[in-house]
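Q: Coordinates for the following, if possible.
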Amino acid sequence: MPVFELPQIPFGGWLLATLVVVLIQPRWGLALHILSLLISFVFDQYRTQPQFIALAVLMLVLIEDNGIVIGRWFLATLWLWAGLHKLLSPDWFTHAAWDLVGGIATDRAAFFQPFAWGVGIGEVTVGLLAIFQPRWAAIPALLMHVGIAIFLSPLFYNHNVSVIPWNLATGAVGCWVMWNAPSVRPKFVWEWGLAAVLLLYPAGFYIGWVDHGVASVLYSNHLPEGLITTHQGTETVQGWGDLKVPFPNERRLLRIYFEQSAPPGSKLHIDDQRSLLPDMYFVKRPDHQVEEISRQEFLDSTIGEVAGIEHDRRRNRFLLARAGAKMLVRDETGPIYAVEMDPSRFRPELLELLEGIPNIEQLNLAGCPVTNEDLKRLPTLPKLQGIGLADTPVSDSAISELMRHPELKVIEFEGSEMTMDAILDFERQRSDLDFS
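A: Sure thing, here's the model as predicted:
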């Protein structure tokens, strides 16, 4: 994924050669290595993995005269924001922590929330120590990073092995930097400026100004995700595979990947987890140009263009599953098309989670203690065709709420307080809308 049209050039051997130069001529070698790394990013932005960037900074810390000063504020930012991003992420406190805690505990339900809080608060604590009492951060930083490396190893989680060397290096260098930090308070004017910039810039991630790879967004899972719809099915944009690294989920990179890989007539939904940034929708025209479109245009099908399928949010799927909801898919990689709530565990706020499951065609609330007022929490579902309200206390006035769903045709109402006259009137209104 080049920044602009460029040939694909392998940089692996050259980057290793620059590291050999670092051993012989540290300053010149490091300058050559960083320049080569930046050029490699231009040729393929897939290479913008945080561990590659951070390792270059750690080498700068060890080589330059003021390296300890630079390293202190770089590492303080890394630790502080790694924790803050987790504590601010609803995805971290749900499916992300659940997946990770499976590497160390069999009873995930009992441990995933304490694990989520413990990791987030622990990282923030080390970051604050690095800011206010750097020497106190030395040993905790070493223990934290060695612990992460062990956790990611085949002994436990066995995942993302490419960051294990980075964690070991960060633990060792971080311990040395914090132990030898020259002062608690910045000594130089430029150090105050450096500290302010490094400690504040990661906040730009939440408004799309800073890439997550340089904003210390680590494992929080609070990232944009892409789903491509083609005439053959759907593809979730993700990495791993032979490269053993994740896709660098940035809005522009998801679009570039779509532009380079999808056939004409395909559509892309970028589901952004950040509340301050809207979702984005794209289509690839017959002339191979990618154009941003509205949500309605995305959902519609036209000659040569597929009807788009929106991304199901993992957080919403997780929370619904934890509440006992049954979710059906037509194939392993397809979207959820039907949801059935467990009456014994139903809560009105569960309806709001369906906003993240936008492809629902059937919703069964039969037997649930759902009321007319509760149905106001149900988001507008553009593909909903049938809803089960049998044996619920809903009445005729609920139909006005259900009219919001443009494709709704069937209401199962046996045992509810709805009347046949109201249902027949609903069906007539739907027929009139379809005819018009």
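
Q: any idea where the strands of this protein begin and end?
A: 225-230, 233-236, 267-271, 280-284, 290-293, 326-329, 336-340, 362-364, 386-388, 410-412 (DSSP state E).

Q: Averaged pLDDT, the fifth one. What do you get?
A: The average pLDDT within strand 290-293 is 94.

Q: Would you work out how far apart the start and end of stretch 38-55 are?
A: 13 Å (CA to CA, to the nearest Å).

Q: Kindly state the domain boundaries assigned to this protein.
A: 48-214, 225-299, 314-435 (automatic domain parsing).

Q: Now distance to G12 and mean neighbour count too, for the ones you listed, in CSV please.
A: All C-beta spots, glycine's among them, are computed from the backbone N, C-alpha and C. Formatted as CSV, these follow (distance: least, CB to CB, whole Å; neighbours: other CB atoms under 10 Å):
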stretch, distance to G12, mean neighbour count
domain 48-214, 11, 18
domain 225-299, 11, 17
domain 314-435, 31, 17
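
Q: Make JSON lines out of those and add distance to V42.
A: Output for those, formatted as JSON lines (distance: least, CB to CB, whole Å):
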{"stretch": "domain 48-214", "distance to V42": "10"}
{"stretch": "domain 225-299", "distance to V42": "13"}
{"stretch": "domain 314-435", "distance to V42": "32"}
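
Q: ok, back up a step: what's the closest of the strands of the chain to I303?
A: With CB to CB as the criterion, I303 lies closest to strand 280-284 of the strands of the chain, at 12.7 Å.

Q: on that earlier part again, figure out which of the domains of the chain is closest to Q8.
A: domain 225-299 (11.1 Å).

Q: so P246 touches Q238, yeah?
A: Yes: at 7.0 Å, P246 counts as touching Q238 under the criterion of CB atoms under 8 Å.

Q: Which one of the domains of the chain lies nearest to G308?
A: Ranking the domains of the chain by proximity to G308 (CB to CB) places domain 225-299 first, at 3.8 Å.

Q: next one: that closest one to chain centre, how far?
A: 14 Å (CA atoms, centre = their mean, to the nearest Å).

Q: measure it end to end?
A: Domain 225-299: ends 18 Å apart by CA to CA.

Q: And for stretch 344-351?
A: 15 Å.

Q: ok so, going back, between the strands of the chain, which one is closest to E373.
A: strand 386-388 (16.1 Å).

Q: ok, that closest one: who's next to it in the sheet?
A: strand 362-364 (parallel), strand 410-412 (parallel) (DSSP bridges).

Q: now it: mean pLDDT?
A: Per-residue pLDDT values across strand 386-388 average out to 94.
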